[in-house]
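> Quick one, structure for this:
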Amino acid sequence: MDVGGDEDTRPEDSYEAWRVPGAVHFPFGPEEELDDRLEEFEDAVGDADRVITICAKGISSGNLATRLESATDAYDVATVDGGMKGWSGVYEHVEIDVGGDDDGAGAATDAPTIVQLQRRAKGCLGYVVGCPATGEAIVVDPTDDIDEYEVAAEEADLTVAGVVDTHVHADHVSGGRELADSLAVPYYLGARAAERGVDYEFTPLERNEVLAVGDLEIKALSAPGHTSEMINLVVDDAALLTADTLHVDSVGRTELEFSQDEGEEGAELLYETLHRTILAEPEDVVVLPGHVTVTADGEFEHGRPGEPIATTVREARTGIDLLGLEQEAFVERMADAGEKPANYEEIIALNRGREERPPEDRTELELGPNNCSA
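Numbering: from 1, shown residues only. Next up, the predicted model:
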């Protein structure tokens, strides 16, 4: 017998666009009576003993849960607090193995400590990168749930000494400035961020500039394409944080900033970045992207939540079809990147500091899957 099932009470278009893995659709209004729909509900959930209801904000799903508890004792009923908003804030903390020297007993030493924070509903991947010898760390591409990054650093016995955003994000509200301010540490962006009209103070990272993080050396690579100011980070020649330049199974789209020519200029820049910079790194370097695609069914398109989302330079070179295209074909292919992220222009404006952000608007802006891959 099935012991659990999720009931999604939102309208059909919202359910089809983005949902929790395995959720069954049962539309239900915030003031609707269950009345003669109980049989319909029983048909929808089958043999489930436990039912968890969910909607956009927890209102209509809460109503359904209350009606069910009054109508039948056949189910153990619960509701997701905050609905899809609550689901949007669920994270996994995953430690990434990037090797290191062998100490003679089979254990790796001197390897950077890297924790990948996976935002399950959105596929956003942020990082805590630290030096195990000194305990000093930086945070890279944090979302607005900054407490997750503070907890991840604490769990790894690391102290955050700086925060880096690799670019002006288009699919989610960055927590970079807020986290840096909260911890009184420097906030870094690529030096070309000033040319994008970023309206707040930051410490610029120049091309090939090296940040010393304890005993680690973290080098900023200029990586234009997805955006003009994009940087990628090489961590001790062992790992490469590629943000939205290179994902595990695709590359970042290019027309969100370069919209005037359907991303052609950005695609040309990205092609150069990929072939002259990223694929020029040693083949065994671990590639750690900034996103993983989440399907409409709520599943990771590559890998599983709680497992490392990573590849290597070698695996990317041989396994991603886009990287085998000649430049003209690559640029042509990038013009058809699919549906844009929801509310991306407003999110970009917020992340550039051009608009003040009412706290309650953050989740509304971000609802839905990310669409940063081409």
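> What ranges does the stretch 51-200 of the chain have for its strands?
For the stretch 51-200 of the chain, applying DSSP state E, counting those that start in this stretch gives strands covering 76-79, 91-96, 101-102, 108-109, 113-119, 124-130, 136-140, 159-164, 187-190.
> can you pull out the helices in the stretch 151-300 of the chain?
176-183, 264-272 (DSSP state H, counting those that start in this stretch).
> My guess is E92 contacts G306. True?
Yes. E92 is within contact range of G306, at 4.7 Å (criterion: C-beta atoms under 8 Å). Glycine gets a C-beta too; all of them are placed from N, C-alpha and C.
> Among the two, which residue is more densely surrounded?
E92 (16 against 11; other C-beta atoms under 10 Å).
> Model confidence at that one, what's the number?
Turning to E92, the model gives it a pLDDT of 96.
> ok, so what distance separates A17 from G214?
43 Å (C-beta to C-beta, to the nearest Å).
> anything in contact with each of E92 and G306?
Q118 (C-beta atoms under 8 Å, 6 or more residues apart in numbering).
> mind showing which ranges of the stretch 251-374 of the chain have poor pLDDT?
357-363, 367-372, 374 (pLDDT under 70).
> Look at E33 and say how many residues are nearby.
The burial count for E33: 11, using other C-beta under 10 Å.
> Report the buried residues of stretch 15-25.
Y15, W18, R19, V20, A23, V24, H25 (16 or more other C-beta atoms under 10 Å).
> Closest one to V77 out of the residues you listed, please.
V24 (14.0 Å; C-beta to C-beta).
> for that closest one, what are its contacts?
V24 touches G5, D6, E7, D8, A44, V45, counting by C-beta under 8 Å, 6+ apart.
> Pull the number of nearby residues for G82.
Count around G82 with other C-beta under 10 Å applied: 16.
> One more: A78?
15.
> still on that earlier bit, which one of the buried residues of stretch 15-25 sits closest to V115?
V20 (24.5 Å).
> P21 and F300 touch, don't they?
No. Under the criterion of C-beta under 8 Å, P21 is not in contact with F300, lying 9.3 Å apart.
> Can you check which helix is longest in the protein?
helix 59-71 (DSSP state H).
> what comes into contact with that helix?
Contacts for helix 59-71 (C-beta under 8 Å, 6+ apart): 7-10, 26, 28-34, 38, 41, 51, 53-55, 75, 77-80, 83.
> rerun at 6 Å
T9, F28, G29, P30, L34, L38, T53, I54, C55, V77, T79 (C-beta atoms under 6 Å, 6 or more residues apart in numbering).
> Now name the helix or strand holding the second one.
Okay, so that is F28. Using DSSP states H and E, F28 sits within no helix or strand.
> nearest residue to it other than its sequence neighbours?
T9 (4.0 Å; C-beta to C-beta, 6 or more residues apart in numbering).
> Strands of the stretch 251-374 of the chain, start to end?
Under DSSP E, counting those that start in this stretch, the stretch 251-374 of the chain gives strands at 286-289, 311-312.
> TSV please, covering these and showing mean neighbour count.
Shown next, in TSV, are these (neighbours: other C-beta atoms under 10 Å):
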stretch	mean neighbour count
strand 286-289	25
strand 311-312	20
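> need the ones you listed in a markdown table with distance to G62, can you?
Compiled in a markdown table, those are given as follows (distance: least, C-beta to C-beta, whole Å):
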| stretch | distance to G62 |
| --- | --- |
| strand 286-289 | 36 |
| strand 311-312 | 41 |
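> Which one, of these, ends up nearest to R207?
Among the strands of the stretch 251-374 of the chain, if distance is taken as C-beta to C-beta, the winner is strand 286-289, at 19.8 Å.
> List the neighbouring strands of the closest one plus their orientation.
strand 239-243 (parallel), strand 311-312 (antiparallel) (DSSP bridges).
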